[in-house]
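**Student:** predicted model and sequence follow; I will ask about them next.
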Amino acid sequence: MTINLDDMSLDDLKQLRKDVEKAIANFEKRQKAEAMKKLQAYSQQLGYPLEELITDNPKKSKKPAIPKYRHPENDALTWSGRGRKPRWLIDYLDKGGNLEGLLIR
């Protein structure tokens, strides 16, 4: 099929572009649907639902570190002892405070 673009009006060219973009999008949807069918069939052959294989995350989720130190006046401010020292801890130590005195027991 050959289309002579030189003979088309601007409106016809714009409509052709819209039609081509729509055709491409529909083609991609069909391709993805076909791929999904194949994946579902293969996962069933292996004995697993596809959703289980896709969502099964082998990574262990990191748990937040347990606080090890607590602000002397504000119990909501804590530090695990890992990473950068919080500003309140640096200020406390600069004023002569002792890290051992902030340990949570």
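**Tutor:** Thanks, I have it.
**Student:** can you name the next helix or strand after the lowest-mean-pLDDT helix or strand in the chain?
**Tutor:** Every helix and strand of the chain was ranked by mean pLDDT, DSSP states H and E. The lowest is helix 50-55, at a mean of 83. Sequence-wise, the next helix or strand downstream of helix 50-55 (DSSP states H and E) is strand 69-70.
**Student:** what mean pLDDT does that next one have?
**Tutor:** Mean pLDDT, strand 69-70: 94.
**Student:** residue ranges with poor pLDDT in the protein?
**Tutor:** 56-61 (pLDDT under 70).
**Student:** which non-adjacent residue is nearest residue 40?
**Tutor:** Leaving aside its chain neighbours, residue 40 sits nearest to residue 50 (4.8 Å; criterion: CB to CB, 6 or more residues apart in numbering). Heads up, the C-betas are built off the backbone N, CA and C, glycines and all.
**Student:** I'd like to know which elements the least confident helix or strand of the chain is packed against.
**Tutor:** Other elements packing on helix 50-55 under the criterion 3 or more CB pairs under 8 Å, 6 or more residues apart in numbering; DSSP states H and E are helix 10-46.
**Student:** so how far is the helix it packs on off the chain centroid?
**Tutor:** 25 Å (CA atoms, centre = their mean, to the nearest Å).
**Student:** would you mark the buried spots in it?
**Tutor:** residue 43 (16 or more other CB atoms under 10 Å).
**Student:** tell me which strands and helices that helix is in contact with?
**Tutor:** By 3+ CB pairs under 8 Å, 6+ apart, helix 10-46 packs against helix 50-55.
**Student:** give me the residues contacting the helix it packs on.
**Tutor:** By CB atoms under 8 Å, 6 or more residues apart in numbering, the surrounding residues in contact with helix 50-55 are 36, 39, 40, 43, 44.
**Student:** just stretch 2-11 next, same as before
**Tutor:** 13, 16.
**Student:** pull out the buried residues from it.
**Tutor:** Counting neighbours, the buried set in stretch 2-11 is empty (16+ other CB under 10 Å).
**Student:** and for stretch 97-105?
**Tutor:** Result for stretch 97-105 [16+ other CB under 10 Å]: buried residues residue 102.
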